[in-house]
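Peer 1: Output the structure for:
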Amino acid sequence: ACCMLEGTAQVQAGETVLVTAAGGGAGHFAVQFARLAGAHVVGTCSSPEKAQLLRELGCDRVINHQEEDLAGVLGAEYPRGFD
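Peer 2: All right, here's what the predicted structure looks like:
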């Protein structure tokens, strides 16, 4: 997760990052590294428990795709996409 965000993606402060399966092992590390870089972090998950964990880890927006329409939310709230 760290290598991808810092090396490949070169995440910068102020960018918007989408982390899919953010409640999983690599996902929650990606959330934390993106937050440390100063990014706005959107994380997806599939349960209320994982959603709560993601909030605690610092996700700015959590989307539980079992309860919300992922494509609809992304299109409405992030029409410019992600960095």
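Peer 1: separation between residue 68 and residue 48?
Peer 2: For residue 68, the distance to residue 48 equals 12 Å [Cβ to Cβ, to the nearest Å]. Quick note: C-beta positions are derived from backbone N, CA and C, even for glycine.
Peer 1: Check residue 83 too.
Peer 2: 28 Å.
Peer 1: This structure: strands as residue ranges?
Peer 2: For the chain, applying DSSP state E gives strands covering 16-19, 40-45, 61-64.
Peer 1: right, so those: which one is the most enclosed?
Peer 2: Among these, ranked by average contacts under mean count of other Cβ atoms under 10 Å, first place goes to strand 40-45 (a mean of 24).
Peer 1: then that strand to PDB, C-alphas only?
Peer 2: The C-alpha trace of strand 40-45 is given here as PDB (Å, rounded to 0.1, in the frame of the first residue of the first chain):
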ATOM      1  CA  HIS A  40      -9.100  13.500   0.900                       C
ATOM      2  CA  VAL A  41      -9.900   9.800   1.300                       C
ATOM      3  CA  VAL A  42     -13.000   8.000   0.100                       C
ATOM      4  CA  GLY A  43     -13.200   4.300   1.200                       C
ATOM      5  CA  THR A  44     -15.600   1.600   0.100                       C
ATOM      6  CA  CYS A  45     -16.600  -1.300   2.200                       C
END
